[in-house]
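> build me a structure from this.
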Amino acid sequence: MDSNVMTDIFWTVILINLPSVVHCHESGEQVSRQTLIEDLLNPSHYDSSVPPGKPTNVKIQLIINDTIMENEQASEISGLTTVILHWIDSRLDYSAKASYPSFIIRGSAKLKPWVPDIFILENREPYITGFGSKNELIVFNRSGNVVFNHRFTTRMLCEMNLDYYPYDEQHCQITLQSYEFTQEDVQLSWLSDNPVMDHVQSTKTVSLKKSETVASYVIDSGGNFSTLTTILIIKRNYPANNTIIGTPIVLVVISTFSLLFDDNFTPRITLCGAAMTTIIMHWAGIYNKVQPVATLLWLDNWMFGNLIAVGCIILYTAIRHHVCKAAEKNSEESKEKTISGGTSQPDPGQVNDKYNLIMMSVPVVLC
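Down below sits the predicted model:
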């Protein structure tokens, strides 16, 4: 066959098949996001119950979002918390299929990818936040890097030491661990940048930036689990301290001013008695807010000191009233003897007695 004929046939075949080649290339680039996600998470080749690696390294970031509320009676702290997990799932690598920078998995598709079953050991009761759905976000990019963001309200156990209440500083431990996957399947580590963050002025965190392997907290788990621990340090707000400490001070000052009532014995005792009763009730009310077995050593000393101060005022008032009344009675008797013509000369033996001299001078000082 002539070479020119062969050349014409070659170019004819190329021109006929060129549109289909271009179409195939474009269809591969323009595959829809929904189709790509369904293909990546197809149960026929993606098992969501199996971690992507042996082991899978999961990096964790813990964020304390809002004010921590303390419950001393139940030994609990509560607040809004966000946990962000980072790991690599090579099964979600779509760099050879499409050029989308990243994907956000929404709706029921959130249940399809593998997600580490991380839990907080001290957690007593989590509250899922969100309007109609959980505050969860799953994002992955072309290389299979996955980010899982979960926001929730939690109540956590915190063993509290209230010896220096209300100037105490509580150290609450937070332990994160996988519930199902042992250290052979999942290794936990803190995120290198800002592993533990808090947005609360009255708290600060001390994170242990290392992964620890400990015996499982799950009975008969059959293995050891990788865990992370951080310490949340909580300081009490000063306005609350002023209320607790300032009330007894005001009552002691008021009791001291009762000394200005001159010889009015009844108002003095009534006012001081009311102040002492109020301090005791204030003291008991504080104890009702904490555990029955708690000991508030600093507060006990403070309240007891204020009670002693008020008690001293009552004791002084009682002694003064007794001495002055006796001196007034003796004075009246002396006046009666003088009027009746008697004498009120003291016995020389009594005058020489130092003890009697002191007792005779007491009314002069107090009255």
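
> so where is the protein shaky, pLDDT-wise?
1-30, 67-68, 127-133, 201-222, 237-240, 327-328, 331-367 (pLDDT under 70).

> quick one: the helices in it?
For the chain, applying DSSP state H gives helices covering 3-29, 33-40, 238-257, 265-287, 297-339, 348-352, 354-366.

> distance between the second one and the chain's centre?
To tie it back to what came earlier, the one meant is helix 33-40. With CA atoms, centre = their mean, to the nearest Å as the basis, helix 33-40 stands 42 Å off its chain's centre.

> before we move on, what about stretch 144-163?
Centroid separation between stretch 144-163 and its chain, computed with CA atoms, centre = their mean, is 10 Å.

> so which bits of it are buried?
Within stretch 144-163, the residues that qualify as buried are 144, 146-148, 150-158, 160, 162, counting by 16 or more other CB atoms under 10 Å. Where C-beta positions appear, they are placed from N, C-alpha and C, glycine not excepted.

> take those residues and keep only those in strands.
Mapping those onto strands (DSSP state E) picks out 146-148, 150-157.

> state the distance from the closest residue to I254 other than its chain neighbours to D263.
Leaving aside its sequence neighbours, I254 sits nearest to A275 (CB to CB, 6 or more residues apart in numbering; 6.0 Å). Noted for A275: a distance of 20 Å to D263, by CB to CB, to the nearest Å.

> the more surrounded of these two?
Just comparing A275 and D263: by other CB atoms under 10 Å the higher neighbour count belongs to A275, 25 against 11.

> thought that one was touching F257?
No. Contact criterion CB atoms under 8 Å: A275 and F257 do not qualify, at 10.5 Å.

> near the nearest residue to K110 once chain neighbours are set aside, how many residues? Count them for me, please.
Distance criterion CB to CB, 6+ apart; nearest residue to K110, sequence neighbours excluded, is I138 at 5.7 Å. I138 has 19 neighbours, counted by other CB under 10 Å.

> got it, and E38?
Other residues near E38 come to 12 when the count uses other CB under 10 Å.

> next one: G246
For G246, using other CB under 10 Å, the count is 10.

> tell me which residues touch it, please.
Applying CB atoms under 8 Å, 6 or more residues apart in numbering to G246 gives no contacts.

> quick check: it vs N306, distance?
11 Å.

> next up, the contacts around V58.
Applying CB under 8 Å, 6+ apart to V58 gives the contacts 85-87, 116, 118, 186-189.

> most neighbours among those residues, which one?
Busiest of the contacts of V58 [other CB under 10 Å] is L188, holding 25 neighbours.

> partner residues bridging it?
V58 (DSSP bridges).

> excluding covalently adjacent residues, which one is nearest to D89?
Nearest one to D89, counting by CB to CB, 6+ apart, is P52 at 4.1 Å.

> and for that neighbour, the neighbour number?
The local packing of P52 (other CB under 10 Å) involves 18 other residues.

> wait, doesn't it sit right on V115?
No. Look at P52 against V115 with CB under 8 Å: they stay out of range, at 11.0 Å.

> out of the buried residues of stretch 144-163, which comes closest to S48?
Taking CB to CB as the measure, S48 sits nearest to V146 out of the buried residues of stretch 144-163, at 12.2 Å.

> residues near the residue lying closest to the closest one once chain neighbours are set aside, how many?
Distances taken as CB to CB, 6+ apart place F140 nearest to V146, at 4.4 Å, with adjacent residues excluded. Using other CB under 10 Å, F140 has 23 neighbouring residues.

> so what are the domain limits for the chain?
Following the assignment in automatic domain parsing, the chain carries domains at 34-236, 239-343+351-366.

> quote the end-to-end distance of the first one.
To tie it back to what came earlier, the one meant is domain 34-236. Using CA to CA, to the nearest Å, one end of domain 34-236 lies 50 Å from the other.
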